[in-house]
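Novice: give me a model of this one.
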Amino acid sequence: QVQLVDAGGGLVQPGGSLRLSCAASGFTFSAYPMMWYRQAPGKERALVGTITSDGAVANYADSVKGRFTISRDNAKNTVYLQMNSLKPEDTAVYYCFVRVVGRNYWGQGTQVTVSS
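Specialist: As a prediction, the model looks like this:
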């Protein structure tokens with residue numbers, strides 16, 4: 001079955017960097033666009049960005065544009081979220097997401113806390 005495993009979160013100071021990963025299994029990873037979402041305390045889950053199936057194109061929410069980069073390694077069935085210049089408002093649980101054959105699948109989430 002489809003499985004997404006998020007990893008890489010932690011505590012980081014403002015201005016710091018983190019790299020999240022999402023290991024996928026149970027479907028043809030290279031055939032599907034992948035997405036990253038985040039949910040901050042007391043807020044709804046929001047789209048961070050997307051990447052095409054071949055990794056050629058990525059798009060981002062305005063709030064992270066220029067600071068975050070999504071990439072993927074189709075040989076390793078893994079998608080990444082490189083986060084630079086982190087701000088306290090980036091504090092959230094981050095989830096990877098894929099829609100396969102009309103069904104939505106989420107990773108379990110990884111906590112990112114940006115604080116001094």
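
Novice: what's the closest non-adjacent residue to Gly8?
Specialist: Leu20 (4.1 Å; CB to CB, 6 or more residues apart in numbering). C-beta here means a position set from N, CA and C on the backbone, and glycine is covered the same way.

Novice: the one you found and Gly102: what is the separation?
Specialist: 26 Å (CB to CB, to the nearest Å).

Novice: which stretches of the chain have low pLDDT?
Specialist: For the chain, applying pLDDT under 70 flags no range at all.

Novice: OK, contacts around Phe27?
Specialist: Contact analysis of Phe27 by CB atoms under 8 Å, 6 or more residues apart in numbering lists 2, 98, 100.

Novice: which element is it on?
Specialist: Using DSSP states H and E, Phe27 maps to neither a helix nor a strand.

Novice: surely Cys96 is in contact with Val79?
Specialist: Yes. With contacts defined as CB atoms under 8 Å, Cys96 counts as touching Val79 at a distance of 5.9 Å.
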